[in-house]
Structure formats: C-alpha cells, structure tokens
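> output the structure for:
(chains A and B)
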Amino acid sequence: MNKIKVRYAPSPTGIPHVGNIRTALFNYLFAKNKKGKFILRIEDTDRKRLVPQAEEKIEESLKALNLNWDEKIIQSQRLEIYKKYLDQLKEKKVVYEDEGSWRFKVEKGQELTWSDGVHGAVSFKSDVIEDFVIIKSDGFPTYHFASVVDDHDTQISHVFRGDEWISSTPKHLMIYQSFGWQAPVFVHLPVILGADKKKLSKREGAKTVFEYLEEGLLPETIINFLALLGWSPEGEQEIFSLEELVKEFSIERINKNSPVFNVDKLIWMNGQWIHKRLEVGDLVERINKKFPNLNKKEILEYLPLVRDRLSSIDDYPKITNFLTSEKINIDPNKIILPADKLVKIKNEYKVIDPLKWDKTFIGNATASVIQHEGLSKGETLSSIGTAVSGSTVTPPIYDSLEKLGKEKTLERLDEAIRKKTQK
RNA sequence: GGCUCCAUCGUCUAGAGGCCUAGGACACCAGGUUCUCAACCUGGCGACACCGGUUCGAAUCCGGUUGGAGCUACCA
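All right, here's what the predicted structure looks like:
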C-alpha cells in the first residue's frame, strides 16, 4: 500500500505568483514520482485577508499547468474538526484561554528537532518560542493549528513548503507531540528570489501564471523553468516535460540555497520548447487559440518559415503581420541601401513574369542586381526585408516576397523609395 | 537585537576528500554558417566569500569571521 501523500496549501489572498506555484509543482512532482496523492488544501482561515475569486484563480493556475489534484479540502469547512481537537488539548491542559483566543502553552527547556528533507537536522530551543495562538478569537484556527490537524487528519506524509516556515516548525512539532501524533517529513524549499535578491513577491513584480501565459510563454516552459529553480536533474539535459520531471524528481537533489528568478533563461527556454519540443501542428493550434482572428491556414503556411525566430507565441503575429496587413510603417532610416539602388531592385522585380513570382526567380533577380551594382548581399537583403516588412526581423526574404506577392512587393518598394528620397 | 537557514562564474547549477589547473546552461564577446534577422555550430570571458583547523590531500569535513535571507502577529 502506498502512503505517500502531499498537499499544496495556499491561502486565497490573491492570485498566486509563480514562486508560490513552484511549491505546488514540487509537491506534485514528488507525489507523482512516488505514485502518491496530491492534495489541494485551501487555507482560508484568515477572514480579513480573503480575496473573492482567489480560490478559483488558484485552481485555474494549477489547471493551466496541468497540475491536477486528487482531492481538495477547504479549511473553513472543517471548523468542527479543529474544535474537536482543541477540546482534546484543553483536556490535556496544554492550552489556555486568552482574550477569547486559545493559546498553546510552550513547555520550556525542550529541544525541538527534526530531520528536514533538504536541510538535514534542524533544531530549536523551546525557550525562544512564546505561547502561540492556535484558535483566534473569531473561532478560526491559525495556520499552525489548522495545518497540523489537517496534515494529520488527511495522513499527509511529506510537507513541502517554503523555507520561511522553518522557524514555525518547532511550534508544529510541539502540537504533534502533545497529541502524540507522528509528524510528517518536512521538506523546506529554498524560496525564489527576485532580481533584487529579495524574496519573490507580488510587490516586487512577481508574475502570475496567467501573466506569463498572456505574454506568450508556454505552460511547459513555466513548469520546466520552475522545476529547475532549486532542483536539478542528474544529467545535463535542461528541457523537460512534466512527465519527464515526474520521473526524474527526487528530494535529494533539491538545493539549499535560494535561486534568483532569471527572466533571460526563461525566455530562452520558451524558445527551446517552440523550436525543438513542440510539434508544428501543436504550435499552430496554440497560436490559433491565442490569436483566434488569425487565419489558421495561413499560420500553417507561414509557421515553418518563422518558427526558429519565435521565442514566444506572441512573436508570431509580430513577425508575420506584414504579410497580411494592408499597410505597414517603414522607417527609411533603417534601410541601408540608397533610393537609387532600391529602384534598380524594383525594376528587376518588375520584369519577372507574375506567373513565375516565386522565391527562386526572386532570388535570381536579386542576385543579379547585387552583382551588377556591386552591392553587399547582407545590406541588400536587409534593406529589402525592412522595406517590405517595416521590421528588421523577418522570415527568409525571398519567401517573404513570394508570400507577399508581386504587386504588394512593388508597392512597398515604391513607398520605401519615396520615403528614402524625401529624406 | 534574538533565533534559524544559506554561501561555487553576473544568473541557474554540477560537484557528496584525490576524477577539479572546478563541468554544463543563460547572458555577454569573437568567429563560422545561412538569403537579412533569428536559429544553428565553434571558441572566449567568467566562480569555490574570508581566516583558521582536520588530512598525505578540501570547493567538498570542522570552527570562526563576513555577507545574504527568513522568522520573531489572534498573516500565512
């Protein structure tokens, strides 16, 4: 019989940011690696900080990343249970009432020790811990009490949570002790730091899963990146699917020190997923889903030309826009070639039989001008690309012109020449 | 302040006493390739915080120093 059971226990005080979701990920990876259960527990015991819709947002964040839970429990619905256990502690006389709340009486002179999954032996003296509230005067339990009761009640085997809980752990240990319960294995994860090396927080600009998705990151990238923050696989592979991560995950390879969230690498990783891991058909679907107003057949047609140029889903419309839009903005300063050379190119294109307007003929015509005029190939192609697209990043030039069509190509070249001359 | 945790390239990290004149990745720089850009390939830059031990031998073990972080709520 399998007894591995973990829980992700967020408070519905807002949309969770990625640092928070990373805790969910590690819980999930461990549970699935051990073929155990992953529980979602909503810790809504702080009535003042409750944010409407936050619970839904937590669930949506998890679902968006495919982190599916096996069970869900909500603390505010378990008040009787906490009451029942409080009564037991009253009988044991280890709690006392204090202005409508119930405090746990800390017995001095104890050494509270546990073997942490990542830190090894950690210990605190009970003398430095003050009597702490376990049931607030509004009748709701505090985190310390609710989490211990729930973890025991739902038979949680491993508690994966952020490092910031280390100093609260002795309190939890004392509660376990007074009930005579066995504590789960605590696995304190290093907290993710922002670029300022401070704990990642909303205030410091930590983003939510939704924000990253909105920016064109793939769920796979978010998972992949988060997994590698504070944990490393055995080999040198860096791109992992959720399934692969599940297979590779182990507590032993979790780091002790806090990683900094490195956006550059995140973007790079998204590119890797787009260039190498996703099937073209899949990518087309995703682009189409994100930009429903784009023509799916066109995406299918253009994507192979630009796939390697995308580092986010959102790059697709940016880079292919010029092929379908009627008007573009051309900045003549970005066109290297002078107007008279552009005229030469235009004239060469003009004589191509419209029926033979394809990349081979366009390529030959271009090469011919380059040769006769003694132009630089790089500058010429760059100029043509900028003239017809308005951008310095384009699909392969000849393909671009072919897709654009002869008429539009000549129009845009004309416009570029005009602007270049005016200048 | 007290308590606790942490400490390898700018960043993510490998490293569990000799394999380390410290490996990989991102970023950066240079070259190559290509139809511009991108992608790709090759090379370069770049770190064991410091000081003492232990040991034949330390990035790895121990102690201290310094630095950083967290907690110190009827928040989680």
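> please count neighbours and contacts with C-alpha atoms only from this point.
Fine.
> wait, what's in contact with the closest residue to RNA strand B within chain A?
Of all residues in chain A, A:Pro396 sits closest to RNA strand B, with a separation of 2.7 Å (Cα to the nearest atom of the strand). When the contact criterion is Cα atoms under 8 Å, 6 or more residues apart in numbering, the partners of A:Pro396 are A:Leu305.
> mind checking pLDDT for it?
Looking at A:Pro396, its pLDDT is 94.
> how near is it to A:Asn288?
Using Cα to Cα, to the nearest Å, we find A:Pro396 at a distance of 22 Å from A:Asn288.
> roughly how far does the residue of chain A closest to RNA strand B sit from A:His172?
With the distance defined as Cα to Cα, A:Pro396 ends up 62 Å from A:His172.
> spell out the residue ranges of the strands in chain A.
For chain A, the strands defined by DSSP state E occupy A:5-8, A:37-42, A:71-74, A:95-98, A:101-104, A:111-116, A:120-125, A:132-135, A:158-162, A:185-189.
> what's the angle from the last one to strand A:158-162?
The reference is to strand A:185-189. Between the direction of strand A:185-189 and that of strand A:158-162, the angle (axes from the mean of the first three to the mean of the last three Cα atoms, to 10 degrees) works out to 20 degrees.
> avg pLDDT for strand A:185-189?
97.
> I'd guessed A:Asn262 sits against A:Asp196; true?
No: here A:Asn262 lies out of contact with A:Asp196, judged by Cα atoms under 8 Å, at a distance of 11.1 Å.
> who's more crowded, these two?
More neighbours surround A:Asn262 than the other of A:Asn262 and A:Asp196, with 13 against 10 (other Cα atoms under 10 Å).
> list the contacts for that one?
Taking Cα under 8 Å, 6+ apart as the contact definition, A:Asn262 lies against A:Ala195.
> if we can go back for a sec, with mean neighbour count added, can I get the strands of chain A in a markdown table?
What follows is the strands of chain A, written out as a markdown table (neighbours: other Cα atoms under 10 Å):
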| stretch | mean neighbour count |
| --- | --- |
| strand A:5-8 | 26 |
| strand A:37-42 | 22 |
| strand A:71-74 | 14 |
| strand A:95-98 | 16 |
| strand A:101-104 | 20 |
| strand A:111-116 | 15 |
| strand A:120-125 | 14 |
| strand A:132-135 | 21 |
| strand A:158-162 | 22 |
| strand A:185-189 | 22 |
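> ok, which residues in the stretch 101-250 of chain A are in contact with RNA strand B?
A:101, A:119-125, A:128, A:132-133, A:135-138, A:141-144, A:163-168, A:197-199, A:228-232, A:234, A:236, A:238 (Cα under 7 Å from any atom of the strand).
> mind running it again at 6 Å?
Proximity of the stretch 101-250 of chain A to RNA strand B is assessed by Cα under 6 Å from any atom of the strand, with A:101, A:119, A:122-124, A:133, A:136-138, A:142-143, A:164-168, A:197-199, A:228-232, A:236 identified as the residues in range.
> these in helices, which ones?
Among these, the ones falling in helices (DSSP state H) are A:Tyr143.
> can you flag the buried ones in the residues of the stretch 101-250 of chain A next to RNA strand B?
In terms of neighbour count (16 or more other Cα atoms under 10 Å), the buried residues within those are A:101, A:119, A:123-124, A:133, A:136, A:142-143, A:166, A:199, A:228-232.
> which one among those residues gets closest to A:Val185?
The shortest approach to A:Val185 among these belongs to A:His119, at 11.6 Å (Cα to Cα).
> got the contact list for A:Pro10?
Contact analysis of A:Pro10 by Cα under 8 Å, 6+ apart lists A:Asn20, A:Arg41, A:Ile42, A:Glu43, A:Ile58.
> kind regards, and thank you for your time.
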